[in-house]
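S.K.: Fold the following and give me the result.
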Amino acid sequence: MILFIDTHDELITVALKNNDTLYIKTKESEYSHSIYTMPLIESLFKENNLDVKDLNKIIVVNGPGSFTGIRIGLSIAKTMAFALNIDINTISSLKAYLISNPGGKRKSVIEDNKGYYICAMDENNKVIVDEYYSTIDNEDYPVVENKLDVDLIIEYLKNNKSEDPHHVSANYVKKIEVEHDK
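M.R.: Numbers count the residues shown, from 1 in each chain. Below you'll find the predicted structure:
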């Protein structure tokens, strides 16, 4: 069974994939992720008569997005993966949006008050423009919707090698911005 956690934005999304069944919960949190994320996960297990001991993988969105939201989601995912000794994988919000909107060459854009965070993939979900920050959006690809398809994301990461929970880190907005300005 796979647990999916996304806390990078105002909408918290948690899901459990058990065999071919996907259980999903979302909550508009107005950035109160610390109040709602764990209870959402707990209710997902209880309402569907599932046991946390049956988890074998966690997928967590690691940003860019809300600084505190990302930290909360990552802390929960890392703690559970370490405590249960199970696999963990991260995916950026930009790549999650791209995977959720399959098609030809396309880009994902997250705008902030100073510029744009951009990533692009081809029709085979291969990254053709790695994540970067810019004050202008100069990538000439169609923009995908900022929506998530948890089934497609899980399928995309299903066979990825597990990351070490101790080394899982956030993809912070400022980090992308600083790396771009070098």
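S.K.: And for stretch 92-111, what's in contact with it?
M.R.: Stretch 92-111 has contacts (CB atoms under 8 Å, 6 or more residues apart in numbering) with 6, 8-9, 61-65, 91, 116-123, 125, 127-129, 131, 137, 139, 141-149, 152-153, 156, 171. The way it works is simple: take the backbone N, C-alpha and C, and place the C-beta from them, glycine included.
S.K.: Now the buried members of these.
M.R.: Buried members of the contacts of stretch 92-111, counted by 16 or more other CB atoms under 10 Å: 6, 8-9, 61-65, 91, 116-121, 131, 139, 141, 144, 146, 148, 152-153, 156, 171.
S.K.: So which of those residues sit within helices?
M.R.: In helices, defined here by DSSP state H, the members of these are 152-153, 156.
S.K.: who's in contact with whatever helix or strand Val14 lives in?
M.R.: Here Val14 sits within strand 11-18, counting by DSSP states H and E. If you take CB under 8 Å, 6+ apart as the criterion, strand 11-18 is touched by 1-6, 22-29, 33, 36-37, 40-41, 44-45, 48, 50, 54, 69, 148, 150-151, 154.
S.K.: strands paired with that strand, and their directions?
M.R.: Sheet pairing of strand 11-18 (DSSP bridges) gives strand 2-6 (antiparallel), strand 21-28 (antiparallel).
S.K.: distance between the first one and the chain's centre?
M.R.: Averaging C-alpha coordinates over strand 2-6 and over its chain gives two centres that are 8 Å apart (CA atoms, centre = their mean, to the nearest Å).
S.K.: Can I get it in CSV, CA atoms only?
M.R.: The C-alpha coordinates for strand 2-6 follow below in CSV (Å, rounded to 0.1, in the frame of the first residue of the first chain):
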residue,chain,number,x,y,z
ILE,A,2,1.2,3.5,-0.9
LEU,A,3,0.6,6.7,1.0
PHE,A,4,0.7,10.0,-1.0
ILE,A,5,1.1,13.3,0.8
ASP,A,6,0.9,16.8,-0.7
